[in-house]
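Q: Give me a model of this one.
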Amino acid sequence: MKMDRRIPRALDEMADLSSLSAQPVVVSRSVSLGGRRASLRLEATIWDGLKDIAQREGKSVEALCADIDASRTQGIPFATSVRVYVLNYFRTAGTSFPALVN
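A: Numbers count the residues shown, from 1 in each chain. Down below sits the predicted model:
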């Protein structure tokens, strides 16, 4: 993979890296999975992504979590499965749509 080594010519070309210096906010919530309660600790941005996906798919967050739990590989922690699901969902969405032309 070739890395872009060019120097930004203006401040607007630079990425905002200020959020990387702060510790991620981890939020604990309880979700229902097939009649049992599970405590789930995820970063706030993952919770936001999960809510966005649930809304796009017309499901509740709990229903989406139940789907993720039912389809995960044995031995993989539930929180990890949720993080990977959210990442893959948006990664796929980013490559599924044609680029917007202005």
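
Q: For the rest of this, base every contact and every neighbour count on C-alpha atoms.
A: Will do.

Q: got the contact list for the most centrally placed residue in the chain?
A: Geometric centre of the chain, nearest residue: Val86, 3.5 Å, by Cα atoms, centre = their mean. By Cα atoms under 8 Å, 6 or more residues apart in numbering, Val86 lies in contact with Ile46, Gly49, Leu50, Ile53.

Q: and the longest helix for this structure?
A: Using DSSP state H, we find that the single longest helix of the chain is helix 78-96.

Q: export that helix as PDB, just CAs?
A: Output of helix 78-96 as PDB, limited to C-alpha atoms (Å, rounded to 0.1, in the frame of the first residue of the first chain):
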ATOM      1  CA  PHE A  78     -20.100 -10.000  21.500                       C
ATOM      2  CA  ALA A  79     -18.600  -6.500  21.800                       C
ATOM      3  CA  THR A  80     -16.000  -7.300  19.200                       C
ATOM      4  CA  SER A  81     -18.700  -8.700  16.900                       C
ATOM      5  CA  VAL A  82     -20.700  -5.500  17.200                       C
ATOM      6  CA  ARG A  83     -17.600  -3.300  16.400                       C
ATOM      7  CA  VAL A  84     -16.700  -5.400  13.400                       C
ATOM      8  CA  TYR A  85     -20.300  -5.300  12.200                       C
ATOM      9  CA  VAL A  86     -20.500  -1.500  12.400                       C
ATOM     10  CA  LEU A  87     -17.200  -1.100  10.600                       C
ATOM     11  CA  ASN A  88     -18.100  -3.500   7.800                       C
ATOM     12  CA  TYR A  89     -21.500  -2.000   7.400                       C
ATOM     13  CA  PHE A  90     -20.200   1.500   6.800                       C
ATOM     14  CA  ARG A  91     -17.200   0.200   4.800                       C
ATOM     15  CA  THR A  92     -19.600  -1.600   2.500                       C
ATOM     16  CA  ALA A  93     -21.900   1.400   2.300                       C
ATOM     17  CA  GLY A  94     -19.000   3.600   1.300                       C
ATOM     18  CA  THR A  95     -18.100   1.300  -1.700                       C
ATOM     19  CA  SER A  96     -21.700   0.500  -2.700                       C
END
